[in-house]
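K.L.:
one predicted model, sequence on top.
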Amino acid sequence: MAAEADVLVDDWGGGVHPYRVGHRKLGMWLFIMSDSLTFSALLIGYAYVRASNVWPTPFKFYPSIVFSSVMTLVLLSSSLTMVMAVSASAHGKKSKARTWIILTALLGATFIILHSIEWSHLMAEGLRPFQLPQEWIERWPGSTPLFGATFFGITGMHMFHVFTGCIYLFVVAARVKNLKHEDIEISGLYWHFVDLVWMFVFPMIYLLSIDPKK
Amino acid sequence: MSAFAETHDHFAGSNKLFISVWVWLLLLTSFEVFLGYIHLSVVLMLVILMGASIVKAALIVAYFMHLRFERLNLVLTIVPALVICICLLLIFFPDSFRARELRYNGPPSAGESR
């Protein structure tokens, strides 16, 4: 009981290190807070235009949903490899950490390639930021052309984050010997955040727009 | 300072734990995809999907982003502020139902020329 009370005092005491994290890590957490508000605003804006309009639900289970599920698997696995990198770095195994970080960045690059293929399919069908394919307009009469704007806007913003993350991770991998453990952990925070955002984008953009006709 | 550095580099959580979190995330994702396959109504689907996604986000933040092993001070600085701000963003959402009613759904007017 006494030990438990000590832990609480320690947690709340604060003193000169109220968060017990370095200033860079605190900075990354604050950035993640502001960035998650950006994505929340985008997704809520999407929900707003969707609820106030006739909305096309064009994604076939195969290939679109199967394809985006594979993308989700790739991104989730990249999070696991990033955790392994941070764990290796915590145990002082810097070169092992470098291998895991490079693997993470490569999985991120795979995600971008898969997503670009998905985009090019939709663009070949005739989807543009402010224009629906003719086929969709006939199938869902009166539906809003904002489908393209929200789709490309949100997934594009996410893809931009993955792209930035890949560059960040390659830089961290190149400089891993000069960096402190906490710096590697911070790059991990960013990467997991990108993964976390996809956990909301994937159900809201893809799974809620599945074509009911098989 | 030395005590600070000591606790600072402390790394909690084993690889086994992280792999099991990853497996849980995969299971929840496949559950979501399965729901998409069987086709539920949009509202029911939205509620279940958001519930599952919040669980997944919590798993990622707690274990992958390591927040569960940080000081309570940091958790209480980050999480409540974010939750409140996101709820505040949602204040505008019911307006979308009004915007839907504003749309003219009748036949085109006689005077309309194209």
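P.N.:
Sure, I can see it.
K.L.:
spatially nearest residue to A:Val172 (excluding sequence neighbours)?
P.N.:
A:Ser187 (4.6 Å; Cβ to Cβ, 6 or more residues apart in numbering or on different chains). In short, each C-beta sits where N, CA and C put it, glycine included.
K.L.:
check contacts around the one you found.
P.N.:
For A:Ser187, the contacting residues are A:82, A:101, A:168-169, A:172, by Cβ atoms under 8 Å, 6 or more residues apart in numbering or on different chains.
K.L.:
of those residues, select the buried ones using a PyMOL command.
P.N.:
Buried members of those, defined by 16 or more other Cβ atoms under 10 Å in any protein chain shown, are picked up in PyMOL with:
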select buried, chain A and resi 82+101+168+169+172
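K.L.:
let's see which of the contacts of A:Ser187 end up in helices.
P.N.:
Under the assignment DSSP state H, the contacts of A:Ser187 contribute A:82, A:101, A:168-169, A:172 to helices.
K.L.:
could you redo the residues you listed as a markdown table and give each row pLDDT and distance to B:Phe11?
P.N.:
Shown next, in a markdown table, are the ones in helices among the contacts of A:Ser187 (pLDDT from 0 to 100; distance: Cβ to Cβ, whole Å):
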| residue | pLDDT | distance to B:Phe11 |
| --- | --- | --- |
| A:Met82 | 97 | 14 |
| A:Ile101 | 97 | 16 |
| A:Tyr168 | 97 | 21 |
| A:Leu169 | 97 | 19 |
| A:Val172 | 97 | 17 |
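K.L.:
tell me which two of these sit farthest apart.
P.N.:
In the ones in helices among the contacts of A:Ser187, the most distant members under the criterion Cβ to Cβ are A:Met82 and A:Tyr168, with 11.3 Å between them.
K.L.:
pull up the overlap in contacts between these two.
P.N.:
A:187, A:191.
K.L.:
distance of A:Ile102 relative to chain B?
P.N.:
A:Ile102 is 19 Å from chain B, where distance means Cβ to the nearest Cβ, to the nearest Å.
K.L.:
distance of the residue nearest to A:Val172 relative to A:Thr104?
P.N.:
Per Cβ to Cβ, to the nearest Å, A:Ser187 is found 9 Å from A:Thr104.
K.L.:
what about the longest helix in chain B?
P.N.:
When chain B is parsed with DSSP H, its longest helix is helix B:15-38.
K.L.:
list the contacts of it.
P.N.:
The contact list for helix B:15-38 (Cβ under 8 Å, 6+ apart) reads A:61, A:65, A:69, A:72-73, A:76-77, A:79-80, A:83-84, A:87, A:202-203, A:206-207, A:210, B:45, B:48-49, B:52-53, B:55-56, B:59-60, B:63-64.
K.L.:
next one: stretch A:113-132
P.N.:
Contacts of stretch A:113-132 (Cβ under 8 Å, 6+ apart): A:56, A:63-64, A:67-68, A:70-71, A:74, A:133-136, A:143, A:145-149, A:151-153, A:155, A:159, A:162.
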